[in-house]
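Q: sequence first, then the predicted structure, then my questions.
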Amino acid sequence: WWVVRSWTVTAVVTALANCLVFNSVVVGASGLVFQMIILSSFTSNLRPGEVPATLVVTVVLLVAQELTGRQGDAAGQQISHASHMLGGVCGALFGFRETTLPRKD
């Protein structure tokens with residue numbers, strides 16, 4: 001159930017950021033997609049405190065893509081790059097939380 005909770009938190013964070021900071025309306029779940037892309041970097045067996053190399057590579061590539069606008073953003077499309085970035089941040093936070101904290105069974 002932690003994945004569903006992480007989706008909910010990410011959706012609320014990105015929605016509030018877009019409403020309060022950017023004063024815009026967002027339709028879609030691209031922030032959640034970016035969250036899941038980042039979370040997929042945590043699928044290897046990690047020791048507590050380690051940062052997966054796949055996470056570093058994924059973050060560098062996604063941030064470079066967002067900052068350079070190389071994702072095919074046609075003029076007039078209102079893509080929320082902030083939602084992508086916040087979704088990635090939430091994914092990293094939830095990934096570190098799930099891999100470093102002891103699990104309750």
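A: In hand now; what should we look at? The shown structure was predicted, so the numbers you read here are calculated from the model rather than taken from an experiment.
Q: just the element for residue 67, please.
A: Using DSSP states H and E, residue 67 falls within helix 53-68.
Q: so which residues make contact with that helix?
A: Helix 53-68 is contacted by residues 34, 37-38, 40-42, 44, 70-71, 81, 84-85, 88, 92, 95 when judged by C-beta atoms under 8 Å, 6 or more residues apart in numbering. All C-beta atoms are positioned from the backbone trio N, CA, C, and that covers glycine.
Q: poorly predicted segments of this structure, please.
A: For the chain, the stretches flagged by pLDDT under 70 are 23-25, 46, 48-49, 69-79, 101-105.
Q: most centrally placed residue in it?
A: Nearest to the geometric centre of the chain sits residue 88, at 1.9 Å (C-alpha atoms, centre = their mean).
Q: hang on, the earlier thing: which of the contacts of helix 53-68 fall in strands?
A: Judged by DSSP state E, strands contain none of these.
Q: closest one of the residues you listed to residue 1?
A: Of all the contacts of helix 53-68, residue 1 sits closest to residue 95, with 16.3 Å by C-beta to C-beta.
Q: surely the closest one meets residue 37?
A: No. Taking contacts as C-beta atoms under 8 Å, residue 95 lies outside contact range of residue 37: 10.8 Å.
Q: ok, which stretches of the chain are helices?
A: Applying DSSP state H to the chain gives helices spanning 2-20, 30-39, 53-68, 81-100.
Q: quick revisit: tell me who's in contact with the residue nearest to the centre of the chain.
A: Taking C-beta under 8 Å, 6+ apart as the test, what residue 88 contacts is 34, 35, 37, 38, 59, 62, 63.
Q: quick one: buried residues of stretch 80-97?
A: Neighbour-count burial for stretch 80-97 flags 80, 82-96 (criterion: 16 or more other C-beta atoms under 10 Å).
Q: now for the residues you listed: which two are most distant?
A: 80 and 96 (24.1 Å).
Q: ok so, going back, send me the helix holding residue 67 as PDB with only the CA atoms.
A: C-alpha atoms of helix 53-68 as PDB (Å, rounded to 0.1, in the frame of the first residue of the first chain):
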ATOM      1  CA  ALA A  53      24.200   4.400  -9.800                       C
ATOM      2  CA  THR A  54      21.000   3.900 -11.900                       C
ATOM      3  CA  LEU A  55      19.400   6.700  -9.900                       C
ATOM      4  CA  VAL A  56      22.200   9.100 -10.600                       C
ATOM      5  CA  VAL A  57      22.200   8.400 -14.300                       C
ATOM      6  CA  THR A  58      18.400   8.500 -14.500                       C
ATOM      7  CA  VAL A  59      18.200  11.900 -12.600                       C
ATOM      8  CA  VAL A  60      21.000  13.400 -14.800                       C
ATOM      9  CA  LEU A  61      19.200  12.400 -18.000                       C
ATOM     10  CA  LEU A  62      15.700  13.500 -16.900                       C
ATOM     11  CA  VAL A  63      16.900  16.800 -15.500                       C
ATOM     12  CA  ALA A  64      18.900  17.500 -18.600                       C
ATOM     13  CA  GLN A  65      15.900  16.700 -20.700                       C
ATOM     14  CA  GLU A  66      13.600  18.900 -18.700                       C
ATOM     15  CA  LEU A  67      16.000  21.800 -18.600                       C
ATOM     16  CA  THR A  68      16.900  21.700 -22.300                       C
END
